[in-house]
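S.K.: Give me the fold of what follows.
(one chain, ligands or ions: 2)
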Amino acid sequence: MNYIPIRLNTLRPDVPVFFDLFIHIADKQIHYIKKNEIFDSHRLTKLRIKGVKKLFVSSEEEESYLKYLDECLNTLSQKNIELSKRGEMSYDTLVTDAENAERNLETEKSYAAVKGRVSKIIDFLGSEQGTLKSILEAAGCALDNHQHAANVSSLATGLALRVGGISPREVGDLALAALLHDLGKSKLGFTGPIQLNKLTPQQVKDYKKHPEKAVELLSSKKYVTPTILRLIIEHEELADGKGYPERKSLGGLSVTSQILSLCNQFDSYSMATQTPPTQAIKAFFEEKSQFFDLDHLAMLGDLLAGK
Ligand SMILES: [Fe+2]
Ligand SMILES: [Fe+2]
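M.R.: Numbering: from 1, shown residues only. Ligands and ions are numbered 1, 2, ... in the order given. Predicted coordinates:
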């Protein structure tokens, strides 16, 4: 049997699950919770204390899990649920979608399901003050490409909604582009935080091909829009014209490309300095402000402070 990892924070306490849940212990998948059993909050807390972050479902039951996840995401608008819990659920959903991105890109149906989940998180981010902060507090410093993709997607979406004047379709494309922007990086064999000054000249050359590599992988998918491809190819461009691949300057980039570039650089800075995103903005502003629109930076600072 094949197993699909699912993140703990996407499971809701005290409601029945529609699928069997397994836990990975000593290289084995052990049956942990039976289908239709209630996953009580006590058990969930115990797993969290033990540092368990993932459980598993069989691939045959993945469809049931995704249906359940959709229902859980509908609770993001329920203000009687603590904001921090809704932030955790949003973050874990984004990481799950980043982890499964390649598989979900295989069919239009599974890609549409990702779009549906992402749009619920966009609605959450636009619903009340402090939502972006709640997601990033759940996230902390990204440790791998998938967590980085989830952080950049929530940062870019939150900032786009704050900047305003960006259509819902463009915000949706931006959120998805952010989730997929570094797909080429793992394909070229680069995982985790990268410090260019520690790579050989050849490695730097290879690394800088990652925006084009992602577009190469995605351009055959008719359902991935040209706007998403453009956002991905431009995500490493910088305002001073020293970014890549096309050395564009700020004026040559759309507002959404500017937002993606800023959020990507900001989360990369948080990873490299091991400073959680909610605490990294002041130092980032001091060191990197010449590369970005200052209004965008100020708005990002407000959002990260929960304002
Ligand atoms: Fe990148
Ligand atoms: Fe990135």
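S.K.: State the phi and psi torsions of the closest residue to ligand 2 within the stretch 1-150 of the chain.
M.R.: Closest residue of the stretch 1-150 of the chain to ligand 2, CB to the ion: His148 (5.6 Å). C-beta: built from backbone N, CA, C; applies to glycine. When read as degrees, to the nearest 10, the backbone of His148 gives phi -60, psi -40.
S.K.: And for the closest residue to it other than its chain neighbours, the neighbour number?
M.R.: Leaving out its chain neighbours, the residue that sits closest to His148 by CB to CB, 6 or more residues apart in numbering is Ala142, at 4.0 Å. Residues near Ala142, counting by other CB atoms under 10 Å, number 22.
S.K.: List the contacts of Ala142.
M.R.: Ala142 is in contact with His148, Ala150, Asn151, Asp267, Ser270, Met271, counting by CB atoms under 8 Å, 6 or more residues apart in numbering.
S.K.: May I have the secondary structure class of His31?
M.R.: Assigned with DSSP: H, G, I helix; E, B strand; the rest coil, His31 falls in the strand class.
S.K.: Spit out the contact partners of the nearest residue to Gly241 once chain neighbours are set aside.
M.R.: The spatially closest residue to Gly241, leaving aside those adjacent along the chain, is Ser249, at 4.2 Å (CB to CB, 6+ apart). The neighbours of Ser249, taking CB under 8 Å, 6+ apart as the test, are Ala239, Asp240, Gly241.
S.K.: what's the spacing between Ser249 and ligand 2?
M.R.: 20 Å (CB to the ion, to the nearest Å).
S.K.: Need the phi and psi values for that residue.
M.R.: Dihedral angles for Ser249 - degrees, to the nearest 10 - are phi -110, psi 170.
S.K.: I'd like the mean pLDDT over stretch 233-248, please.
M.R.: For stretch 233-248, mean pLDDT is 91.
S.K.: go on, stretch 105-112?
M.R.: 94.
S.K.: what's the spacing between it and its chain's center?
M.R.: 18 Å (CA atoms, centre = their mean, to the nearest Å).
S.K.: residues of it that come out buried?
M.R.: Leu105, Tyr111 (16 or more other CB atoms under 10 Å).
S.K.: Which residues does that stretch contact?
M.R.: Under the contact criterion CB under 8 Å, 6+ apart, stretch 105-112 has outside partners Arg103, Asn104, Leu180, Leu218, Lys221, Lys222, Tyr223, Val224.
S.K.: CA atoms only: put that stretch into CSV for me.
M.R.: What follows is stretch 105-112, C-alpha atoms only, in CSV (Å, rounded to 0.1, in the frame of the first residue of the first chain):
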residue,chain,number,x,y,z
LEU,A,105,0.0,19.5,-11.5
GLU,A,106,-0.4,16.2,-13.4
THR,A,107,-4.2,16.7,-14.0
GLU,A,108,-6.4,19.7,-14.4
LYS,A,109,-8.8,18.3,-11.8
SER,A,110,-6.1,18.1,-9.0
TYR,A,111,-4.7,21.5,-10.0
ALA,A,112,-8.2,23.0,-9.8
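S.K.: Relative to Thr10, how far out is the closest residue to ligand 2 within the stretch 201-307 of the chain?
M.R.: Of all residues in the stretch 201-307 of the chain, the one sitting closest to ligand 2 is Asn264 (4.3 Å; CB to the ion). Distance of Asn264 to Thr10, given as CB to CB, to the nearest Å: 25 Å.
S.K.: List buried residues within the contacts of Ser249.
M.R.: Buried members of the contacts of Ser249, counted by 16+ other CB under 10 Å: Ala239.
S.K.: Closest to Gly87 out of the contacts of Ser249?
M.R.: Ala239 (30.2 Å; CB to CB).
S.K.: got the contact list for that closest one?
M.R.: Here Ala239 is in contact with Ser249, Leu250, Gln258, Gln290, Phe291, Phe292, Asp293 (CB under 8 Å, 6+ apart).
S.K.: One more pass at 7 Å, please.
M.R.: Residues near Ala239 by CB atoms under 7 Å, 6 or more residues apart in numbering: Ser249, Leu250, Phe291, Phe292.
S.K.: Around the residue nearest to Phe292 when sequence neighbours are not counted, how many other residues sit close by?
M.R.: Nearest non-adjacent residue to Phe292, counting by CB to CB, 6+ apart: Leu262, 4.7 Å away. Using other CB under 10 Å, Leu262 has 26 neighbouring residues.
S.K.: Fine, thanks again, bye for now.
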